[in-house]
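>>> predicted model follows, preceded by the sequence.
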Amino acid sequence: MAAPMAQTGSVHTSSKNADKKTKTCKSRRETAVQGTNDSSIVSKCSMAAVGYFSDPYLHCFVSKTTRRSPLIHRGYYIRAKAVDFFLKKFLTSYPEKNQIVSLGAGFDSTYFRLRSEGVLSSTSFYEVDFPDVVQRKNSLIQNNKDLQKLIPGLQSQGEKGNPLIGYSSAVVKWAGEAFSEAVFVLYEQINPNDAFGKFMQKHFQLIGSPLKCINAFPTLCDQRDRFLKLGWSRSEVADMNYFYRELVPPDEHHRVESLEPFDEYEEWHLKCSHYMVVVASNASGFPSVLSDIGTPTETDSPGCLPVEGRAGCDLVKRFGHSSVMLRDKHSLVSFGGFGEEAGKHCRILDLTVTDIWTLQSYVVPVKVNPREVQVSRMHDQSILLRDGSVLLVGGRTSPIHMCTQVLKVEFSSKDPPSSALICTRCGLMAEDVCQHRENSSPQEQVFVEVSSLKSESDSFTNILCPSNSEIQGEHNTEISSDQRPSSRPHSVNSVNHRPSEISENRLMNSNNKCADNGACDRCACGGGSGEGAVRGDGGQGGQYSGVRFQEMKTSGDSPSPRWRHAAVLIHYEGRDLLYLHGGRTDKELALDDSYLLDTQTFTWTKTEDKGPGRRQSHTASVWGDHVIIAGGMDQGLRPLASVFMFSVHTRQHTLLQVQESLLPRYSHTAHVIDNQLILVGGVNVNHSVPGVAVIDIDSKKVREFSIPVEYGEQLLMLHKHTSCYLGNNRILVIGGGGNCFSFGTHLNCSPFEIDISQCFGEK
């Protein structure tokens, strides 16, 4: 049995100085590799202490325990689980005299754990590592009576004459020749060429322990064939996603999920797709364990879509946030998420506004108590309403604290246009398409100047709309130069929706006072009890200088608090309805319920049909009078490729039967452009990273396009991001990235644009 071993080479030279320099470099490399043992054993001990894996001897090799993150716990858990699984399979297959050789054992406590379980009575157990590591481990054992009792005869051998020093492939070949009946188990990294793989390699390079085999054997096929070419009669391989899904029983999945709060599934799946196990044997008595799994194949892509950034633009670095286009059609505001703020990584409270024309971004500070006003949330949905305000629905502040407040957000402008004409019914600018202008009588005043509704000192303008009016027109905040068809919108963004009508509107002045100067609920203007809306001020260098929050009281059959849900606004029979589906809670990994919120009365209605089933981290997009649900992840944490259509008229979901294979994905974004559903990015458990998928809604045909792993010197991890369709076949991406296991945190340098012109070429 074997574990990964550092691959080192020898340099022969007659020069003493050169030999001394070579030894120094080699010593530094060996020290760096040995350092990975010290950090690894602390992580293993932390993982066991939480209850992921039972090993009462790990703490004997740790001088000071440190609590690691849930993501690191899971990474070391799956490694321990896999090695234990194959060791016990070997011991069961050969219950009589046998021997185990552990290469690169470090401070691993497997021997002591198995010995205490009584399964090594006929086993000779050998550990191989650097002499310094072996000496340190021997010293720890000699000073621990509990460990000494488990070793009948401890022998230590120096490095002189060690046949295993050399390249790892030489070790693989030697093992196959030295033992007539043997099993070789290797746990190692793969997939070096995607963004996560490059980030992982950079981490090991920075700590002085570069991965020497990952580029020589980058895929599962390469690792499998490596052993066959080196003389092993059988070689089976699987990544850790397959191992966990197929060889770890469901009740163990449930136990793991209950150990501690966890919500980093993107990073968990990416980590598991970049680590694999090879089981090679030349023994007829060892059963096939990973047979018939197939080997992931690369998906043919018709092309790679160009990605462009813009030099000199302000960077937005965050993930798990929501974004929405404001009514001015060029200000894209991002709420919450996790990212970089004041040079630190944290959950973000302040809002960021990005001008899609210039790609310049600025911060609108939020001066509220986040414990009282749930603004700093992750995995929520932000919806543009008809009056120009934004509704924040769902989300979480931590995996055990879900957001219960439905917040209405209003923005104050530094310098609103003094001569602009605005519709008194729907708040649209005169240059926008508005049916009220066409259908109104000559005596009816439909459009008024902004200056007639505000004093010179006013810094916040909010147009009053009749509470009982029915707006038949349609407003789309997407930017497009093409003509929209009458029956279906030309482009609808999952984060940019039609504004809805709110009956409760107030005219605010520069001092944030209500126009009626009377008491109001949920308002910080000074006219109420102080329990209401609160406001942040001081926007820097942008159009919007402040923001006001108001908790909206809803009624009806309200959905339970949740995050990673999908929501979108759809206009139907004179009403603007917010459609919400799925998501997850602190108890349920995926929900299957759907709701409609009347944004005029703020009344929830639950729909009975549960067609899409349980899913989270999916998307919802509007197409005519339908909502399209795409992708996501189910209760078993399996990424989904299915697409459903929800009819607002029938309140039923139907499956969209696509003709070709669509890559499963979750944590992506979606847009409808003409009759094409565009899916951007995401994560799956395959070895084909989702790029941009195009689904023709009418013909049901599917095409997958790849995106670059990096642009310039910046890596692109296209998940937990938001995006906006700009028109002219360009999609703007804001944020994205995640915590990459123990390798660090990656934050995309955004905004950047994806040119999707190829998606609308010849089909």
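Done, it's in. Bear in mind that the values here come from a model prediction, so they are computed numbers and not experimental data.
>>> show me the contacts for the residue nearest to S667 when sequence neighbours are not counted.
On the basis of C-beta to C-beta, 6 or more residues apart in numbering, the spatially nearest residue to S667 that is not a chain neighbour turns out to be H719, at 4.2 Å. Where C-beta positions appear, they are placed from N, C-alpha and C, glycine not excepted. Taking C-beta atoms under 8 Å, 6 or more residues apart in numbering as the definition of contact, the neighbours of H719 are E266, F319, S667, H668, G681, G682, V683, G736, G737, G738.
>>> what's the mean pLDDT across stretch 650-660?
pLDDT averaged over stretch 650-660 equals 93, rounded to a whole number.
>>> what's the closest non-adjacent residue to K97?
Closest residue to K97 apart from its sequence neighbours, by C-beta to C-beta, 6+ apart: S122 at 5.0 Å.
>>> again with D194
Leaving aside its sequence neighbours, D194 sits nearest to V689 (C-beta to C-beta, 6+ apart; 5.1 Å).
>>> and that neighbour, what element?
Assigned by DSSP states H and E, V689 falls within no helix or strand.
>>> please report how far it lies from E608.
Here the criterion is C-beta to C-beta, to the nearest Å. By it, V689 lies 37 Å from E608.
>>> neighbour count for those two, which is higher?
Between V689 and E608, V689 has the larger neighbour count (other C-beta atoms under 10 Å), namely 27 against 8.
>>> what's the spacing between the more buried one and H668?
Noted for V689: a distance of 11 Å to H668, by C-beta to C-beta.
>>> L315 too?
Separation of L315 from H668 (C-beta to C-beta): 22 Å.
>>> so those two - more neighbours on which side?
Neighbours per residue (other C-beta under 10 Å) separate L315 from H668, with H668 holding more: 29 against 14.
>>> hmm, N684 and the more buried one touching each other?
No. In this structure, H668 is not within contact of N684 by C-beta atoms under 8 Å, at 9.7 Å.
>>> and for the two, which residues touch both?
Overlap between the contact sets of H668 and N684, as judged by C-beta under 8 Å, 6+ apart, is given by P690.
>>> which stretches of the stretch 51-200 of the chain form strands?
Read by DSSP state E, counting those that start in this stretch, the stretch 51-200 of the chain holds these strands, from start to end of the chain: 98-103, 123-128, 183-189.
>>> ok, back up a step: residues contacting the residue nearest to D194?
Taking C-beta under 8 Å, 6+ apart as the contact definition, V689 lies against D194, A195, S706.
>>> what are the C-alpha coordinates of stretch 714-733, in CSV please?
Taking C-alpha atoms only, stretch 714-733 is exported to CSV below (Å, rounded to 0.1, in the frame of the first residue of the first chain):
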residue,chain,number,x,y,z
GLN,A,714,-6.1,36.9,-13.6
LEU,A,715,-7.6,33.5,-13.0
LEU,A,716,-11.4,33.2,-13.6
MET,A,717,-13.6,31.1,-11.4
LEU,A,718,-17.0,31.6,-12.7
HIS,A,719,-19.2,30.6,-9.8
LYS,A,720,-21.0,32.6,-7.1
HIS,A,721,-20.9,35.6,-9.4
THR,A,722,-23.6,37.8,-10.8
SER,A,723,-23.9,38.9,-14.4
CYS,A,724,-25.8,41.5,-16.6
TYR,A,725,-26.6,41.4,-20.3
LEU,A,726,-25.4,44.6,-21.8
GLY,A,727,-26.8,44.1,-25.3
ASN,A,728,-24.6,43.8,-28.4
ASN,A,729,-23.8,40.2,-27.4
ARG,A,730,-21.9,41.1,-24.3
ILE,A,731,-22.4,39.9,-20.7
LEU,A,732,-20.9,41.8,-17.8
VAL,A,733,-19.7,39.7,-14.9
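>>> how far does that stretch sit from its chain's centre?
15 Å (C-alpha atoms, centre = their mean, to the nearest Å).
>>> flag every buried residue along that stretch.
By 16 or more other C-beta atoms under 10 Å, the buried positions in stretch 714-733 come out as 714-726, 730-733.
>>> ok, S273 - how many residues close by?
By other C-beta under 10 Å, the burial measure for S273, its neighbour count, is 24.
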